[in-house]
Every structure is written in structure tokens, then in C-alpha cells.
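Participant: all I have is the shape, not the residue letters:
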């Protein structure tokens with residue numbers, strides 16, 4: 001039997017190997033550092049099934065600070081959609097369909113959300129399937 005943290009480790013390893021240094025912050029498992037205001041990637045998982053082929057949804061959340069825009073003489077925070085798209089495009093290419101020894105994962109869906117008043121994030125939901133052939 002596999003554990004959901006193994007799914008997190010797989011996705012974190014792939015992103016950390018190929019994407020480290022491309023965001024101004026870090027790549028973290030489970031939680032983001034409190035109060036972070038830089039670009040961060042956080043990987044966490046939902047529950048994992050217990051069938052012979054185990055399934056687990058892994059969330060990859062990519063945080064991007066908002067831009068400050070001057071609209072009608074007032075400063076306002078606006079989503080940095082260009083940067084969100086750049087990061088998302090790279091990660092989607094990396095995580096869309098990938099098979100390794102005893103596992104496979106693919107992109108399930110994605111969504112852009114507001115994290116707080118000064119940052120947005122894109123949530124990529126990745127489904128990981130463990131075949132348990134090597135256990």
C-alpha cells in the first residue's frame with residue numbers, strides 16, 4: 001500500500017528537479033511559509049484510495065504576488081496574469097502525462113484563485129495512480 005505523501009514526494013521531486021529557481025520563492029511540501037509574499041509552489045494531497053490500483057489527487061498551488069496598478073488615481077492590486085500563465089504553462093507541460101516505475105500521473109483540472117488581497121494562485125489538480133506492481 002502507498003501513502004498520499006508518496007504522491008506528494010513524486011510530484012515535488014519532478015517539479016524540484018526541473019523547476020527549482022524559476023520562482024522567486026520556494027517549492028514546498030504540504031504548507032507554505034507563513035506570511036510569504038513571493039512566488040511559491042506548494043504541493044499537498046487529498047486522500048488516497050486503498051484498491052489494488054491506488055488513486056490520489058495532488059494539488060499543486062502556484063502563488064504569484066499581484067501587481068500594483070494605478071486606476072483612476074488609486075493604487076489597486078491586480079492579478080499578474082502573465083506570470084501566472086508562464087508558470088502554469090511550464091508546469092502543465094511537466095505534469096500533464098507522466099509515467100514512472102509503478103505510477104502514472106496526469107493533469108485533472110486547473111483553476112486560478114485569489115489567495116488574499118495581494119496575491120493569486122493557480123491550482124493544478126494532478127491525479128496520481130499507483131499500480132503497486134513493484135510492492
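Facilitator: Structure received. Keep in mind that what you see is a predicted model, and the values were worked out from it rather than measured. Numbering: from 1, shown residues only.
Participant: helices or strands next to the helix or strand harbouring residue 13 in the packing?
Facilitator: In this structure, residue 13 is located in helix 4-19 according to DSSP states H and E. Counting contacts by 3 or more CB pairs under 8 Å, 6 or more residues apart in numbering; DSSP states H and E, the secondary-structure elements packed against helix 4-19 are strand 27-29, strand 40-48, strand 54-65, helix 81-95, strand 103-116, strand 119-130. C-beta coordinates here come from the backbone N, C-alpha and C atoms, glycine included.
Participant: run the angle between that helix and helix 81-95 for me.
Facilitator: Taking axes from the mean of the first three to the mean of the last three CA atoms, to 10 degrees, helix 4-19 and helix 81-95 form an angle of 110 degrees between their directions.
Participant: mean confidence score for helix 4-19?
Facilitator: Averaging pLDDT along helix 4-19 yields 93.
Participant: list the buried residues for that helix?
Facilitator: Within helix 4-19, the residues that count as buried by 16 or more other CB atoms under 10 Å are 4, 6, 7, 8, 10, 11, 12, 14, 15, 19.
Participant: so the third one sits against residue 56, correct?
Facilitator: Yes - look at residue 7 against residue 56 with CB atoms under 8 Å: they come within range, at 4.3 Å.
Participant: and for those two, which residues touch both?
Facilitator: Both residue 7 and residue 56 are in contact with 45, 48, 128, 130, where contact means CB atoms under 8 Å, 6 or more residues apart in numbering.
Participant: how close does the spatially closest residue to residue 121 that is not a sequence neighbour sit to residue 52?
Facilitator: Leaving out its chain neighbours, the residue that sits closest to residue 121 by CB to CB, 6 or more residues apart in numbering is residue 63, at 4.4 Å. Computed with CB to CB, to the nearest Å, the distance linking residue 63 and residue 52 is 36 Å.
Participant: please consider this matter closed, and thank you.
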